[in-house]
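**Student:** sharing a model prediction with you, sequence too.
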Amino acid sequence: MIAKRDKQAVGHRLLAAFREAGAVEVAPDILLPAETLLDLYGEDIRARAYVTSDPIRGEVMLRPDFTVPVVQMHMDGGAEPARYCYLGEIFRKQDTGETRPDHQRDNEYLQAGFELFSREPGADAEVFALFHRLLAPYGLRAVMGDMALMLDAVAGLPLPAPRRDALIHHVWRPRRFARLLERFSSPTAQRDFPSASGSWAGLRGEDEMEARIARIAADAGTPPLDPVWTTRLQRLFALNGPADEALRNLQALQGELPAIAPAVARIEARLSAIAARGIEPASVHFDASHGRTTMEYYDGFTFTFVARDHAGWPPVASGGRYDALTAVLGKGQRIPAVGGIVRPGLLAELEGV
Amino acid sequence: MIRLGVPSKGRLMELTFDWFAARGVTLSRSGSDRDYGGRVEGIDGLQLVLLSAGEIPRELAVGRIELGVTGQDLVRERLVGWRSDLAEIAPLGFGHADLILAVPECWRDCETLDDFASIARDFRAAHGFRLRIATKYHRLVRAWLAEAEVADYQLVDSQGATEGTVANQTAEAIADITSSGETLRANALKIIEHDNPILRSQAVLFANRAAMGAELDRVLTHLGLAAR
């Protein structure tokens, strides 16, 4: 059992290193308004966050994440480029389902984080190299990916817009995505709907239903997607290996999936920038599906650092690019942003062994 | 002494009493209707504790009663990790109810859970907030929808008159227990068919795992049951 003050000491060391890297320390509230977080993450976050109520402020949440409050703070008046760092507790319920595990995971733990708001092309490499340098003594396995590969590959499929949009919407839900893709790859018959019964009820409008019925009718008769596209997508999703080798495979694959070419070019530039900062690309594992099962959050570069001999652990550090999140929170205003967090508690445990 | 928790009123109490009577154990409320004390005849070492049905899962889990009769729905919703604390000794064959997802009957385009997922996505885009499902079974509904990878919805708490929330526009869909479906039909709601309902529930005799032993075995053997 590692004492909390030892975990905090590791956190303060990280914080000092982040400040040295040019970040301004910020201290977001622990009690956050629940509405924004719930709207962004839905029931995923409600299941995991402690929600309580305040007589004046309404529903509030014990901070389940730093990124949202840091982004909101930056939007309220930060100038670019901006680097922020923070250290503090995160609270996450651990609902274990029907059986209780022998070792319960922490429901309160520290995160030390670094966020960079910048339009510089080298921002991804700056953040990754910083984390890589700070974590080098721990012998962790570095993994990276890029959500843009998948999103762009799907956007480039020869499909009518509604089908394409549905697939993109569900990229983060692999089984639903696979089912949709399978449906789009077979002929669609005209669908019969039962006749109306009773009067209209509820907030969903009749016009909304008619619009969907019209969309489904228009969709019937769409020629099936050539199965070759599913094969190509599967090849892309399964692509992983040392980053230098993965890049060569991606460059080969872009002949069949031209839509990924810009993302592949960005990955190449990113790997060069990382190499220029002294990190051998071959030492980093690249996984094209990395980030697909995380929350809908990262839409570009993603990375994690994983402890090799602790299969049950969450990543020791994780991060990525979340431009889409800043667009949602900024109500149209878009600020490129990349950042990540480290869990000092896990580092303390590694040091303690 | 083995303490047996039984719902303190209504049909669930009566049917439980009948079930035990058929196995040679007579349970009864002592004194008036307002007295929650109980009497046991036909077996030694068994004490009847009359409780609100909703409290029985928690009382079992903390070990204040060793046996208890309650619905599977309440145990699964209210006790995280229930299998670690409780054992299902015997289904009792009554108290049948399905936990289901229902939408307005007028939604002609909603027949499957995939329809529902697609409608939720459209609704969120059109209204700027997630489609609301009224329920008191938050954990069960959320786990079921997560398994089916349905997104774009939110749960709103409803502890009663849940079927009325759609007409009142405080929710677009409901998830609730139904046995005959009558209340759903009366409120112009229809069940979304999926492979299975969210949960098929009935009344079950539960035991606290920590209380398993010779004394409990003796009671269960007397009832013609084996501890599992």
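**Tutor:** Cool, the structure landed.
**Student:** A:Ile168 reaches A:Ala153, doesn't it?
**Tutor:** No: using CB atoms under 8 Å, A:Ile168 makes no contact with A:Ala153, being 10.1 Å away. Placement of C-beta: from N, CA and C, glycine included.
**Student:** more neighbours: those two, which one.
**Tutor:** Legend: neighbour count by other CB atoms under 10 Å in any protein chain shown for A:Ile168 and A:Ala153, higher for A:Ala153 (25 against 16).
**Student:** residues in chain A within reach of chain B, list them.
**Tutor:** A:38-39, A:42-44, A:46-47, A:95-100, A:166, A:169-170, A:173-176, A:179, A:193-204, A:206, A:208-209, A:211-213, A:216 (CB under 8 Å from any CB of the partner chain).
**Student:** secondary structure class for residue 132?
**Tutor:** Since no chain was named, I'll use chain A. Here A:His132 is recorded as helix under DSSP: H, G, I helix; E, B strand; the rest coil.
**Student:** should've been chain B
**Tutor:** Three-state assignment for B:Arg132 (three-state DSSP): strand.
**Student:** element containing the closest residue to it other than its chain neighbours, please.
**Tutor:** Distance criterion CB to CB, 6 or more residues apart in numbering or on different chains; nearest residue to B:Arg132, sequence neighbours excluded, is B:Ala171 at 4.3 Å. Under the criterion DSSP states H and E, no helix or strand holds B:Ala171.
**Student:** in the stretch 201-350 of chain A, which spans are helices?
**Tutor:** Under the criterion DSSP state H, counting those that start in this stretch, the stretch 201-350 of chain A carries helices at the ranges A:206-219, A:227-238, A:243-253, A:261-276, A:323-329, A:344-352.
**Student:** let me fix that, I meant to ask about chain B.
**Tutor:** Ranges of helices within chain B are B:10-21, B:56-62, B:72-78, B:82-85, B:113-127, B:138-147, B:182-186, B:214-222, based on DSSP state H.
**Student:** what's the answer for the stretch 1-150 of chain A, then?
**Tutor:** Counting by DSSP H, counting those that start in this stretch, the segments of the stretch 1-150 of chain A that form helices are A:4-20, A:34-41, A:43-48, A:67-75, A:123-135, A:147-155.
**Student:** which other helices and strands contact the fourth one?
**Tutor:** Read it as helix A:67-75. In terms of contacts (3 or more CB pairs under 8 Å, 6 or more residues apart in numbering or on different chains; DSSP states H and E), helix A:67-75 is packed against helix A:34-41, strand A:82-91, strand A:108-117, helix A:323-329, strand A:337-342.
**Student:** quick check, central residue of chain B?
**Tutor:** Nearest to the mean C-alpha position of chain B, by CA atoms, centre = their mean, lies B:Asp73 at 2.4 Å.
**Student:** any weak-confidence spans in the chain?
**Tutor:** Chain wasn't specified; assuming chain A. By pLDDT under 70, the low-scoring segments of chain A are A:294-296, A:353.
**Student:** wrong one, I was asking about chain B
**Tutor:** Across chain B, the ranges flagged by pLDDT under 70 are B:31-36, B:227-228.
**Student:** can you name the residue of it nearest chain A?
**Tutor:** For chain B, the residue closest to chain A is B:Gly81, as judged by CB to the nearest CB, at 3.3 Å.
**Student:** contact partners for B:Leu189?
**Tutor:** Residues counted as contacts of B:Leu189 (CB atoms under 8 Å, 6 or more residues apart in numbering or on different chains) are B:Ala102, B:Val103, B:Pro104, B:Glu105, B:Glu163, B:Val166, B:Ile174.
**Student:** which of the residues you listed lies closest to A:Pro227?
**Tutor:** Of all these, A:Pro227 sits closest to B:Val103, with 34.0 Å by CB to CB.
**Student:** pretty sure that closest one is touching B:Thr112, no?
**Tutor:** No: contact criterion CB under 8 Å: B:Val103 and B:Thr112 do not qualify, at 11.1 Å.
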